[in-house]
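In: Task: produce atomic coordinates for the following.
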Amino acid sequence: MTGTTVSTSLQLAFDTSRTKVVLQTTGEHQSDLVQLAARFRTGGQLGPLLASVELADFLGSLHLLSSWPDRSGVEWAEDLRDLVTGVLQDANTVKQRLTSPADATDPGVTADEVQALLGLDWVAELSGFQVRDIAKLLSLRHGANFSVPGAGKTRVALAVYAAQKSQGKVSRLLVVCPKSAYESWQYETGACFSSPLRSHVLERSLDQWAEVLIVNYERLERSLATLSGWLKAAPSMIILDEAHRMKLGARGAYGSACMALGPLAQRRMILTGTPAPNGSKDLENLLGFVWPGHGQRTVSQAVAGGDLAHASNVLRPLFTRTTKQELGLPPMDLRMRYVDMPPLHRQVYEALVGGIGTGDARGDLSALGRTALRLLMAATSPPLLVEGATKYEPLTYQLPPLEAPAGDSLLTLLRDLPDYELSPKYKEAAAIVAANAAQGRKTLVWTTFVRSLTTLSSLLEKFGPAMVYGGTADRDEEIRRFREDPGCMVLLANPATLGEGISLHRDCHDAVYVDRDFMAGRFLQSLDRIHRLGLDPDTETRVTVLAVRDTIDEVVQVRLEQKLEFMGRILDDPAVQQLADLQEEPSVAAGLAPSDVESLLQHLRRPVV
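Out: Below is the predicted model:
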């Protein structure tokens, strides 16, 4: 007598994008499928016997499958089953640690066990906090490292890979990172192992024999087929470096590509020092890559009550973080200097604010983002709004300024303003650079706008300025000149270009922000260019933020305070919270997130005095 054959009543598998789960049934269970799909928030019918659910929604609501009438007839695709198993294993481990933090049966890896797990090929030295972070990351199947820049996240990630490789769990590594991080990954893959790992940067062709494949975020979308095939060809690990670049999750081009690749890897890890630059949604999306469904739901539930101390306690088992305090860095002196607009600047700025109608702006973030950029330009120097003869033509200031004629039109006044008044921000920045240069101190000057960079380059010509932005022909040469040339006392840069992947802390200890946008992550990243591991204990690092009173600068300051306060509390890092509280000092001379909208609209609605 043969055993009873179980027939399949429900098949579960990825769709082609790997961001959704397809549910397929038989005619007998057609109505059951309709009911099941309707229970999922994103469930929808693809046909009489087919339905689909977004992956995060499916994994976050697995309990709904218990309503299927023929549970023994459910058949899982192997790759989907492996993904679900890994997520549930980590969720159970985290739950155990939260409920019984001192449980002796905890299966976690201890710091004492790390060295033996790395394998015989590992030769790099590890600090105490790096060993601690490796142990925590190895205790879960997937992981997140939110340590500050300079803590050695690259080396920690490679150590986790080495341990997994020595156990035969993975044999190749995909690294997604900014181009500025290529050099670090290529160096570490050689320095950490007795036999350097074969690494390859994906450009025109693919090295099929590479053990470490490195690709930038911009290339992800058009390389999905190639990368998918590479990940599936052997057991793989995937690392997202500077993972905040995919903080939009499936709603962004980088995020959707990462989410499609994630399930193909046996192990997933993210690295970023700024995991929540705009609040909890960013953190949901990042942890949603690591633990689809579970990550989003855990963050959402943790912060729902508004008690960030509780939320931090709930989320702490999901990530590791080495803080600047643990690195033993000397403190950073962060100051805010408010300046006043001269009369003509104020007249132009108020006219601009008064001429912008809020209208349908609430529903058009792109339009409001452009408005914010125009206001940031106007607060810095209104003539930046007027198109020059060339794309990046610097403003030409008349020094000393002329007397403004009465009766000029606003457009004429805007165009000729450099003849009559010097931007108070440029004036203040020049005074700081000059004072620093007199003490033999080099200064890093940040500004969002390229025409601001070129204008400041002209104004600060006597200090031999170097300049780095997206269009710089030889970025490395400009940075070398700033570091090594005693006649070059100032580096002009924008955070979008130089905010990541460069270390200037050995040569520069002063920074000035001519302006800032709403992107808290970018601000934090840029601060770390001159304040990171390797500073002498007695180094004085001074940062000055310039802002114009009664302008959008004050809106930006309030929003950044709120974002940094949230990030510091959710990460349990007092140093980040302290950055939100800038000490004001007297003057001596927009990645716009939805949560910024109300603050900006209130500024636009205020009455013009």
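
In: Number of residues surrounding Arg219?
Out: Other residues lying near Arg219 total 17 when counted by other CB atoms under 10 Å. Any C-beta I mention is one placed from the backbone N, CA and C, and that applies to glycine too.

In: from memory it sits against Leu202, does it?
Out: Yes: with contact defined as CB atoms under 8 Å, Arg219 counts as touching Leu202 (6.5 Å).

In: Could you count how many residues lie near Asp572?
Out: 17.

In: Is the residue nearest to it when sequence neighbours are not counted in a helix, a strand, or coil?
Out: Nearest non-adjacent residue to Asp572, counting by CB to CB, 6 or more residues apart in numbering: Ser312, 4.6 Å away. Of the three states, Ser312 takes helix under DSSP: H, G, I helix; E, B strand; the rest coil.

In: Ser312: what's it in contact with?
Out: Arg569, Ile570, Leu571, Asp572 (CB atoms under 8 Å, 6 or more residues apart in numbering).

In: and what of Thr110?
Out: Counting by CB under 8 Å, 6+ apart, Thr110 touches Ala135.

In: One more: Lys20?
Out: Counting by CB under 8 Å, 6+ apart, Lys20 touches Phe14, Ser52, Val53, Glu54, Leu55, Phe58.

In: Reformat the residues you listed into CSV and put distance to Thr110 and pLDDT next to each item.
Out: What follows is the contacts of Lys20, written out as CSV (distance: CB to CB, whole Å; pLDDT from 0 to 100):
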residue, distance to Thr110, pLDDT
Phe14, 36, 92
Ser52, 43, 96
Val53, 39, 95
Glu54, 38, 91
Leu55, 34, 88
Phe58, 35, 92
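
In: now, which of those sits nearest Ala466?
Out: Leu55 (46.3 Å; CB to CB).

In: So what's the residue count around the closest one?
Out: 26.

In: for Lys425, same thing?
Out: So Lys425, with other CB under 10 Å, has 27 neighbours.

In: Can you give me the domain boundaries for the chain?
Out: Following automatic domain parsing, the chain resolves into domains at 10-76, 83-322, 332-605.

In: Out of these, which gets the lowest mean score?
Out: Per-stretch mean pLDDT for the domains of the chain is lowest at domain 332-605 (a mean of 83).

In: Please compute how far it lies from its chain's middle.
Out: Offset of domain 332-605 from its chain centre (CA atoms, centre = their mean, to the nearest Å): 20 Å.

In: just stretch 321-330 next, same as before
Out: For stretch 321-330 - counting by CA atoms, centre = their mean - the centre lies 20 Å from the chain centre.

In: Skip the chain neighbours and tell me the closest residue to the residue nearest the centre of the chain.
Out: Centroid-nearest residue in the chain: His244, 2.5 Å away (criterion: CA atoms, centre = their mean). Of all residues not flanking His244 in the chain, Thr272 sits nearest, at 4.6 Å (CB to CB, 6+ apart).

In: so how far is Val160 from that neighbour?
Out: When distance is defined by CB to CB, to the nearest Å, Thr272 is 16 Å away from Val160.

In: do Thr472 as well
Out: 35 Å.

In: Which one of these two is surrounded by more residues?
Out: For the pair Thr472 and Val160, the greater number of neighbours falls to Val160 (27 against 18), based on other CB under 10 Å.

In: That one against Arg141, yeah?
Out: No: assessed by CB under 8 Å, Val160 is found out of contact with Arg141, at 11.0 Å.

In: can you list residues touching both of these two?
Out: In contact with both Val160 and Arg141: Arg267, using CB under 8 Å, 6+ apart.

In: wait, what's in contact with Asn285?
Out: Counting by CB under 8 Å, 6+ apart, Asn285 has contacts Met246, Lys247, Leu248, Gly249, Ala250, Gly255, Gln296.

In: pretty sure Thr93 contacts Ser139?
Out: Yes: Thr93 lies in contact with Ser139 (CB under 8 Å); the separation is 6.9 Å.

In: on that earlier part again, right, and out of the contacts of Ser312, which lies closest to Phe319?
Out: Of all the contacts of Ser312, Leu571 has the smallest distance to Phe319: 8.2 Å, by CB to CB.

In: does the closest one really touch Arg321, like I thought?
Out: Yes: counting by CB under 8 Å, Leu571 touches Arg321, with 5.8 Å between them.

In: higher neighbour count, those two?
Out: Comparing Leu571 with Arg321 by other CB under 10 Å, the one with more neighbours is Leu571, at 25 against 20.

In: Tell me how far the more buried one lies from Val468.
Out: From Leu571 to Val468 the distance is 30 Å (CB to CB).

In: Alright, calling it a day.
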